[in-house]
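A.B. asks: pasting the sequence and the predicted coordinates here, then a few questions.
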Amino acid sequence: LVVIPDESGRERMVAFYDRRRGLGAVLESGFVTYNDEKDLFEKIKEVPKDSPVYPTGQSLRVKDPNGNEYIYFTTPYPGLRVRADWKSYLDLDAYEGYTCLKAGTRYGDKDKVHLDRDTNGKLVWAWKKNTLALNPKDQQDLIAAGKMRPDESPFRLQDADGGKPVLLNGASCYWNEYRKRYIMICVEFMGASMLGEIWYSEADRPEGPWINARKIITHANKKDDAHDFYNPTQHPFFDRDGGRIIYLEGTYVNTFSGNPHSTPYYEYNQIMYRLDLADPRLRMD
């Protein structure tokens with residue numbers, strides 16, 4: 001979801017959508033806008049359902065050093081952006097990925113990847129149109145294949161205690177006035193539970209580098225009692241004490257966990273947590 005003024009200057013809530021067959025095949029994709037009078041979403045336009053670049057994940061607004069305003073999307077890192085105006089948002093060709101791939105190329109597999117290196121062999125990370133950021137699994141495969149080193153990426157989250165890599169599935173990222181940094185709330189994929197381990201990290205810029213993280217929530221207290229807590233997001237409008245206390249929520253369910261026992265009254269519900277950023281256990285060093 002994004003809120004931007006339309007061409008007449010009226011503030012509108014807009015979103016990208018997929019219509020799917022269950023959790024499977026995509027049948028239709030496009031953009032919708034919320035009609036305040038009718039209390040429903042209306043289609044703006046359809047786009048090709050196999051479009052390689054499209055808005056996904058939680059969004060945040062960012063101004064660059066030149067004063068240009070962008071909407072960033074967590075994919076799961078903040079590696080996709082578009083100008084924060086109506087025309088750009090609806091134009092998939094206007095989107096940019098923060099990536100080390102050569103502009104206009106796609107990640108095929110670790111043997112055919114087109115990495116962008118300068119004459120000195122250094123990876124060139126930059127905003128490139130019509131180019132996707134590497135997802136964490138693709139980057140992990142490239143590192144395992146010796147095509148790139150972990151320290152060459154700004155998106156390399158690891159446990160602050162011991163340096164174990166944390167493979168992300170989804171996240172939200174927002175500026176926090178208390179920490180004076182961007183903070184990320186993210187869910188790990190295939191950690192102690194499949195989708196129930198929530199981590200905290202922070203960086204000076206949305207582009208990172210994102211390195212150290214601390215686990216703040218687990219849903220795997222017992223080996224046979226894991227649950228999922230996916231699509232976590234912070235809600236900055238609930239911040240208290242100048243951003244020292246933050247609130248985050250996610251979807252609690254047992255669907256992907258392998259646990260056959262759901263939690264009565266909580267199954268497939270949203271659960272909210274709060275986090276005190278002054279807690280010394282959140283130190284990143």
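C.D. replies: That came through fine.

A.B. asks: got a list of what the most centrally placed residue in the chain touches?
C.D. replies: Closest residue to the average C-alpha location of the chain: Thr74 at 2.4 Å, with C-alpha atoms, centre = their mean. By C-beta atoms under 8 Å, 6 or more residues apart in numbering, the contact set of Thr74 is Gly57, Gln58, Ser59, Leu60, Gly170, Ala171, Ser172, Cys173, Met184. Every residue, glycine included, has its C-beta placed from N, CA and C.

A.B. asks: do that again at 10 Å, thanks
C.D. replies: Applying C-beta atoms under 10 Å, 6 or more residues apart in numbering to Thr74 gives the contacts 56-60, 80, 168, 170-173, 184-186, 206, 233.

A.B. asks: ok, now Val124?
C.D. replies: So Val124 contacts Thr99, Cys100, Leu101, Lys102, Ala103, Leu115, Asp116, Arg117, Asp118 (C-beta under 10 Å, 6+ apart).

A.B. asks: out of the residues you listed, which are buried?
C.D. replies: Listed as buried from the contacts of Val124 are Thr99, Cys100, Leu101, Ala103, Leu115, Asp116; burial here means 16 or more other C-beta atoms under 10 Å.

A.B. asks: narrow the residues you listed to those in strands?
C.D. replies: Thr99 (DSSP state E).

A.B. asks: still on that earlier bit, widest-spaced pair of the contacts of Thr74?
C.D. replies: Farthest-apart pair in those is Leu80 and Ile185; separation 17.8 Å (C-beta to C-beta).

A.B. asks: tell me which two of the buried ones among the contacts of Val124 sit farthest apart.
C.D. replies: Ala103 and Leu115 (12.0 Å).

A.B. asks: now this protein, which segments are flagged as low pLDDT?
C.D. replies: 109-110, 222-224 (pLDDT under 70).

A.B. asks: all helices for it, in order.
C.D. replies: Shown for the chain, the helices assigned by DSSP state H span residues 86-89, 136-144.

A.B. asks: next, format these as TSV and append distance to Ala278 and mean neighbour count.
C.D. replies: Shown next, in TSV, are these (distance: least, C-beta to C-beta, whole Å; neighbours: other C-beta atoms under 10 Å):
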stretch	distance to Ala278	mean neighbour count
helix 86-89	37	17
helix 136-144	30	17
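
A.B. asks: of all those, which lies closest to Glu11?
C.D. replies: The closest of the helices of the chain to Glu11 is helix 86-89. By C-beta to C-beta, the value is 10.5 Å.

A.B. asks: that closest one packs against which elements?
C.D. replies: Applying 3 or more C-beta pairs under 10 Å, 6 or more residues apart in numbering; DSSP states H and E, one finds that helix 86-89 contacts strand 2-5, strand 11-20, strand 69-74, strand 78-83.

A.B. asks: buried deepest among those, which one?
C.D. replies: Of all those, strand 78-83 carries the top mean neighbour count, a mean of 24, counting by mean count of other C-beta atoms under 10 Å.

A.B. asks: let me know whether Asn231 touches Thr251 as I believe.
C.D. replies: Yes. At 5.5 Å, Asn231 counts as touching Thr251 under the criterion of C-beta atoms under 10 Å.

A.B. asks: coming back round to it: in strands only, show me the contacts of Thr74.
C.D. replies: Counting by DSSP E, the part of those found in strands is Ser59, Leu60, Leu80, Leu168, Gly170, Ala171, Ser172, Cys173, Met184, Ile185, Cys186, Thr233.

A.B. asks: beta partners of the fifth one?
C.D. replies: Beta-bridge pairing for Gly170 (DSSP bridges): Val187.
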